[in-house]
Structure formats: structure tokens, C-alpha cells
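**Student:** please work out how this folds:
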Amino acid sequence: MNVGGITVNLWKVVALVVGAVVVVVGIFLGFRLTLPKIDDEKVKSVQAALASTKNAGEIIAHVHDEMNGIVGWNGYEDYKDPESKEWATWELDNYPQIKYELREAQDLLQNGGNEAKLVLRDLDNAIALLDVAKQKHEVTALLYLHRIVSDLGQFAYGHYTDRNPWGYTYTLDGKFVPQVVAFLNQEQK
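**Tutor:** Numbers count the residues shown, from 1 in each chain. Below is the predicted model of the structure:
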């Protein structure tokens, strides 16, 4: 075929387009396969145990929404540079509110059972990450914080989605909790 004076082999174009689609789909599926699988029975057990702490769940879900606005959908790119002006705005506008809300959720969970104790451990990590982010302008701390409140808000408190959890909470037996703990130990030296 001749298009604008250029000879184009239609089969090569089709093969190139199909190949590109296969690569993109493969990358997407490969990423999804690396996420931990959700254990529906574990989620139901946690949700039942936390039913009396629903207000804490609503607060955590709100923090998750706030964190989506900060680092979700590649928003974290604005925070990669520790000298970015975004950090100053975050420290004034977001840090105090998020810290207040996480502490409020902790207060509501104080008289909960064993599952609430796990959420409290996760919130301890979340607050520690929040403080590291403020003190060191460390974007990784914001990302881990987002993943913790995402898992708690979406799975532990019933804002269930069709995706798997990030795996950063004690509450849901997250396989990346040791990574969070190691990061906090390193950053809090």
C-alpha cells in the first residue's frame, strides 16, 4: 500500500499495533499479579470484629480520600524532590488535619478487641510515617501511609473494591509490613 508516497506494509502495521497492545496488557497484568491476594474470610472476620468501631473506619476512609488527592494517580511525583514547594503546602494544609484524624481514629479504637489492636498498630505506623514525611520530606513515607489507610479503609472497614490490598497492614496480615517497619527504623535514627 502506498500512503503519501510512503510504502506501508499493512501486515507490519497490524503486527506492530497488536504487539504493543499485548505488551501493555502484559505489564498491567504482571503488576496486578504482584499484589497480595485478598482473603475474603479474613476480610469478613476483620469487618465483623471492627463493626463497633465504624466511626474510626469512616475517619480512616476520609484520610484515604485525602491521601488519594495528595499522592494518588501519580500525585506523588510532586513530592519526589524534597525541596519541592508542594511540601510546604502539605505541611500547612494536610499534615495537621491528617494527624488529627488519625489520632481521633486511635482514640475511638482504644476499647476495641484484638482486631482493633491490629488497626491501632497500623495507625501507629501511619502516624510515624506521617511524621517522617514531615521531618524529612520523604515521598516513600507518604506512599506507605497511603497504602496503609487504603487497605484499612477499603478492606477492614468495608469500603471493599474489586482489587487486592496493598499488603501494608498488620490487620490484613500484609506481607509488606516488615518493609514498613524497616523503613521506619532506618528513617527514625
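**Student:** got the buried residues for stretch 50-68?
**Tutor:** By neighbour count, with 16 or more other CB atoms under 10 Å as the criterion, the buried positions of stretch 50-68 are 50, 53, 56-57, 59-64, 66-67. For glycine as for every other residue, the C-beta is placed from the backbone atoms N, C-alpha and C.
**Student:** can I get these in JSON lines including distance to residue 102 and pLDDT?
**Tutor:** Supplementary listing: the buried residues of stretch 50-68 in JSON lines, determined by distance: CB to CB, whole Å; pLDDT from 0 to 100:
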{"residue": "50", "distance to residue 102": "16", "pLDDT": "70"}
{"residue": "53", "distance to residue 102": "14", "pLDDT": "75"}
{"residue": "56", "distance to residue 102": "10", "pLDDT": "85"}
{"residue": "57", "distance to residue 102": "13", "pLDDT": "85"}
{"residue": "59", "distance to residue 102": "8", "pLDDT": "90"}
{"residue": "60", "distance to residue 102": "8", "pLDDT": "90"}
{"residue": "61", "distance to residue 102": "12", "pLDDT": "87"}
{"residue": "62", "distance to residue 102": "10", "pLDDT": "91"}
{"residue": "63", "distance to residue 102": "6", "pLDDT": "94"}
{"residue": "64", "distance to residue 102": "11", "pLDDT": "91"}
{"residue": "66", "distance to residue 102": "11", "pLDDT": "93"}
{"residue": "67", "distance to residue 102": "11", "pLDDT": "94"}
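**Student:** so which of those residues are in helices?
**Tutor:** Here DSSP state H is the test, and the buried residues of stretch 50-68 give 56-57, 59-64, 66-67 as lying in helices.
**Student:** OK, contacts around the residue lying closest to residue 59 once chain neighbours are set aside?
**Tutor:** In space, not counting the residues next to it along the chain, residue 59 is nearest to residue 105; the distance is 4.4 Å by CB to CB, 6 or more residues apart in numbering. Listed by CB atoms under 8 Å, 6 or more residues apart in numbering, the contact set of residue 105 reads 56, 59-60, 63, 123.
**Student:** and these, which is closest to residue 98?
**Tutor:** Taking CB to CB as the measure, residue 98 sits nearest to residue 63 out of those, at 5.7 Å.
**Student:** the closest one and residue 175, how far apart?
**Tutor:** Spatial separation of residue 63 from residue 175 under the definition CB to CB, to the nearest Å is 23 Å.
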